[in-house]
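Asker: Got a predicted structure here, sequence first:
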Amino acid sequence: MSLTIKQVHPVFVGEVTGVDLTTPLSAEVASQIEAGMDEHAVLVFHDQPITDAQQQAFSQNFGELENAKGGNVTKPQDRRLQVGMNDVSNLGKDNKPLPRDSRQRLFNLGNRLWHSDSSFRAIPAKYSLLSARVIPDAGGNTEFADMRAAYDDLDDKTKGELEGLICEHSLVHSRGALGFEVSDEERNVTFKPVLQRLLRVHPASKRKSLYLSSHAGKIHGMPRPEALMLLRELVEHATQPKYVYAHNWRQHDLVVWDNRCTMHRVRSFDETQPRDMRRTTIAGTE
Ligand code: OGA
Ligand code: MN
């Protein structure tokens, strides 16, 4: 079996065949996948019926699993999955869809805003790996946007103006945009803001990209309305159809994306149906 990658969108996203992710990978295959990520930014693997342990083992080929503390409002005793797995399902501990007014459900609605995972952490995410265990009959696509292609197409004047800008990221900004109420403790401690550059250079491909996310809510040295307007315009620019790939999930798909140069969002679906999606996250660098 040899690994092949076929690009399935004009600017990014590769579909990978010829690899079984449930078994340990050779160093060679792992580095072929990482090279594919450097080029395509998103890789799709079909027909990978993977367990949580196998998903974690596969993920660790690309770095350390992120310490997921503080990134959600789920209490430790309410967790459905073991530590190391991010539960992005619509399910409670009883494996049933969460009730409409569940705080956990309302918090998770934030995943429907364009974002980059963990941009609200001092050490944001490198890769996210999302496995579809159970999918609804319709809806629930995940969309990805290429922040390298979006950057490349900006005019030189705009590129110059963005150079050196620093943004403040916090879950307070993304959840606040939906009117989700946060406590003082959450605002000041759990969701304490961090600073991120608005432009990033990819360490391997050396391509420059916008680093946008719904978690970004302030820009250093810029009046707040002006900052929010600029961020909104950049998100509008960067999520035009020509930069976006919509993934229509099949059960047992596994999709890997590079959070350093893409954004993503999930679309709506019938929440009375289970959608069991499990994510592992690889930590990046500061
Ligand atoms: C995520 C996320 C999208 C989805 O896992 O980081 O945003 O499709 N999920 O559930
Ligand atoms: Mn996400």
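Answerer: Yes, it's here. Ligands and ions are numbered 1, 2, ... in the order given.

Asker: all contacts plus neighbour counts: C-alpha atoms, from now on.
Answerer: OK.

Asker: How about Arg121: what's its closest non-neighbour residue?
Answerer: Leaving aside its chain neighbours, Arg121 sits nearest to Val194 (6.3 Å; criterion: CA to CA, 6 or more residues apart in numbering).

Asker: Give the bridge partners for the one you found, please.
Answerer: As for beta bridges, Val194 partners with His169 under DSSP bridges.

Asker: Now do it: how many residues are near it, please.
Answerer: Residues lying near Val194 (other CA atoms under 10 Å) number 17.

Asker: Might you report the residue contacts of it?
Answerer: Contact analysis of Val194 by CA atoms under 8 Å, 6 or more residues apart in numbering lists Phe120, Arg121, Ala122, Glu168, His169, Ser170.

Asker: do that again at 6 Å, thanks
Answerer: Residues in contact with Val194, defined by CA atoms under 6 Å, 6 or more residues apart in numbering, are Phe120, Ala122, Glu168, His169.

Asker: Relative to ligand 1, which of those residues is nearest.
Answerer: Among the contacts of Val194, Phe120 lies closest to ligand 1 (CA to the nearest ligand atom), at 12.7 Å.

Asker: Kindly indicate whether the nearest residue to Leu113 once chain neighbours are set aside is helix, strand or coil.
Answerer: Closest residue to Leu113 apart from its sequence neighbours, by CA to CA, 6+ apart: Arg265 at 5.6 Å. When classified by DSSP: H, G, I helix; E, B strand; the rest coil, Arg265 comes out as strand.

Asker: you'd agree Ala132 is in a helix?
Answerer: No: counting by three-state DSSP, one finds Ala132 to be strand, located in no helix.

Asker: and it, how many neighbours?
Answerer: Using other CA under 10 Å, Ala132 has 23 neighbouring residues.

Asker: what are the bridge partners for it, then?
Answerer: Met277.

Asker: ok, back up a step: surely the residue nearest to Leu113 touches Ala145?
Answerer: No: under the criterion of CA atoms under 6 Å, Arg265 makes no contact with Ala145, lying 9.0 Å away.

Asker: which one of those two has more residues nearby?
Answerer: Ala145 (29 against 20).

Asker: The more buried one contacts Thr262, correct?
Answerer: Yes: Ala145 lies in contact with Thr262 (CA under 6 Å); the separation is 5.4 Å.

Asker: What segments of the stretch 151-286 of the chain are strands?
Answerer: Under the criterion DSSP state E, counting those that start in this stretch, strands of the stretch 151-286 of the chain are mapped to 166-169, 194-197, 199-201, 208-210, 216-219, 244-247, 254-258, 262-266, 276-283.

Asker: re the thing from before, which of the contacts of Val194 lies closest to Gln60?
Answerer: Of all the contacts of Val194, Ala122 has the smallest distance to Gln60: 20.4 Å, by CA to CA.
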